[in-house]
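Let's see this in three dimensions:
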Amino acid sequence: MDAPTEARKAVPGVLAGSFPAFVLLQGSLYAAYGTESPFLPSFLGERGLSPGEIGFALAAGTLMRLAAGPVTGHVADRHNATRAVLGIAAAASGLISFAYLAGYGFWPLLAVSVLHAAAIAALAPLADALALAAAEREGTFCYGWVRGAGSAAFVLGTLVSGLLVARAGLASIIVSSGLLFLVMAVATARVPPAPVREAPPSLGRGGIRELLGLTQFRRMLLVAALVIGSHALNDSFAVIRWREAGIGPGAISLLWSEAVTSEVLVFVLVGPWILARLGTARSALLAAGLGVVRWSVMATTTAVPVLAAIQPLHGLTFALLHLAAMHLIARVVPQRLSASAQTLYGTLGLGVASAVLTATGGLLYGALGAGAFWIMATLCVLAFPLIPGLRQDDAPSELQAS
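All right, here's what the predicted structure looks like:
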């Protein structure tokens, strides 16, 4: 049976379960991100920060997220309260957002930036942990469908924020994102809680050691850091390269839209189908291999037809690998450590790697130009020997539609 037919057969059960509530949860979360993130640096500049101060404030927020994420996940696991912690964090994120409106100057806005980063640090990992548990329990929807709805909401939020800024100024992004975080807090009460555990979680460093002692989980962190981390250069410098090559704004928008559309399609439809047939390791190998192809092309040409042909690979190089990581976490991590595993994956597998490669990517691009993409292709190659160790089983899981 093909993927579209499977999806149509699953519709009645999906609507009767918790899937609509998770769409609201993830949709409000990623719409808030999409509304705020593109224009936040400009807002800070309008409030009196110099470019250097803007960079420092954003970097401080990144460091706070990396520190606060695992701590929040541990608290959720320790008290078996993933949904409650998520709701509190979402409400705090919304309320702290509005504090930006009262701030002016470096120190007040730095304080708000750090507090806001602490609140939002674990929102996505905890939302993922709840969605994975519900998908496994109900068996009527894929995690990828929920995450795909989040990606679509991010795009919509970005588009709407541009209209809001044009009509009402930069402060509008603070109001809209704050309201969306509060909507997320309300939506959290509508999703089912994580299953009650029989065993208590491992505490403190012991829990982290236990997670990192799981060979497959540890390997997945490294694979994600290499392959998903390799996207950092593209996210930061692809548009700059295209503009330098004389590609116009209209063509750039279409190229970027291709990538985002492919991400949504892989999360919602194609990815679960591929994962069901290839399993975790071969799906990760496919993602890494196509990463080599994608970055090699980016290093060698700016021909629009060629770029248009490779942009849809984004869905496989990013979204498919993320689905494979979720599949592996659901399979090998004890339920009592699920929130901690999600936040470690988000922090070590994605956050640290992306932060480091974004910073070094600027140096590489300044020194090598488009040749820096060869380094990103090399990172994907380095993931190859780690991937066979991800193989566990090819049985259907909570990421696949029943």
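
Okay, domains of the chain per the record?
The chain breaks down by automatic domain parsing into domains covering 1-196, 199-402.

average model confidence for the first one?
What it means is domain 1-196. Summarised as a single mean, pLDDT over domain 1-196 is 88.

Now the helix or strand Gly150 falls within: buried residues?
Here Gly150, judged by DSSP states H and E, is contained in helix 143-168. For helix 143-168, the buried set under the neighbour-count rule, 16 or more other Cβ atoms under 10 Å, comprises 143-155, 157-158, 160-161, 164-165. In short, each C-beta sits where N, CA and C put it, glycine included.

go on, stretch 234-254?
Asn234, Ser236, Phe237, Ala238, Val239, Arg241, Trp242, Ile247, Ile252.

Got the phi and psi for Thr140?
When read as degrees, to the nearest 10, the backbone of Thr140 gives phi -110, psi -10.

What is the neighbour count of it?
Number of residues near Thr140 (other Cβ atoms under 10 Å) recorded here: 19.

For Ala251, give me its contacts.
Residues counted as contacts of Ala251 (Cβ atoms under 8 Å, 6 or more residues apart in numbering) are Trp242, Val304.

tell me the angle of the helix or strand where it lies relative to helix 143-168?
Secondary-structure assignment from DSSP H and E places Ala251 in helix 249-265. Orientation check (axes from the mean of the first three to the mean of the last three Cα atoms, to 10 degrees): helix 249-265 against helix 143-168 gives 150 degrees.

as a whole number, average confidence for the helix or strand following helix 249-265?
Scanning forward in sequence from helix 249-265 by DSSP H and E, the next helix or strand is helix 271-300. If you average the pLDDT over helix 271-300, you get 96.

Would you mind pulling the contact partners of stretch 297-313?
234, 238, 241-242, 245, 247, 251, 254-256, 258-259, 261-262, 290, 293-294, 370-374, 376-377.

My guess is Phe19 contacts Cys142. True?
No: look at Phe19 against Cys142 with Cβ atoms under 8 Å: they stay out of range, at 9.3 Å.

Looking at the two, which has the bigger crowd around it?
A count of neighbours by other Cβ under 10 Å puts Cys142 above the other of Phe19 and Cys142, at 31 against 24.

Helix, strand, or coil at Arg190?
coil (DSSP: H, G, I helix; E, B strand; the rest coil).

pretty sure it is touching Val23, no?
No: Arg190 is beyond contact range of Val23, at 10.6 Å (criterion: Cβ under 8 Å).

When those two are compared, which one has more neighbours?
Comparing Arg190 with Val23 by other Cβ under 10 Å, the one with more neighbours is Val23, at 21 against 13.

in what helix or strand does the more buried one lie?
helix 19-36.

Report the angle between that helix and helix 143-168.
40 degrees.

Skip ahead from helix 19-36 and say which helix or strand is next.
helix 40-46.

where along this structure do the strands fall?
Along the chain, no segments are classed as strands by DSSP state E.

quick one: least confident of the buried residues of stretch 234-254?
For pLDDT, the smallest value among the buried residues of stretch 234-254 belongs to Ser236: 74.

one step back: now the helix holding Val23: how far from the chain's centre is it?
In terms of Cα atoms, centre = their mean, to the nearest Å, the centre of helix 19-36 is set 12 Å apart from its chain centre.

Which secondary structure elements does it sit against?
Counting contacts by 3 or more Cβ pairs under 8 Å, 6 or more residues apart in numbering; DSSP states H and E, helix 19-36 is packed against helix 82-99, helix 123-138, helix 143-168, helix 171-188.

Taking helix 171-188 as reference, get the angle to the second one.
Helix 123-138 runs at 30 degrees relative to helix 171-188, counting by the same axes, to 10 degrees.

Also the longest one?
Note on geometry: by the same axes, to 10 degrees, helix 143-168 and helix 171-188 are set 150 degrees apart in direction.

which other helices and strands contact helix 143-168?
When contacts are defined as 3+ Cβ pairs under 8 Å, 6+ apart, helix 143-168 sits against helix 19-36, helix 123-138, helix 171-188, helix 249-265, helix 271-300, helix 321-332.

Now tabulate the ones you listed in CSV and tack on distance to Arg391.
Output for the helices and strands packed on helix 143-168, formatted as CSV (distance: least, Cβ to Cβ, whole Å):
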stretch, distance to Arg391
helix 19-36, 29
helix 123-138, 20
helix 171-188, 35
helix 249-265, 25
helix 271-300, 4
helix 321-332, 10
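
To Val223, which of those lies closest?
Val223 lies closest, by Cβ to Cβ, to one member of the helices and strands packed on helix 143-168: helix 271-300, at 5.8 Å.
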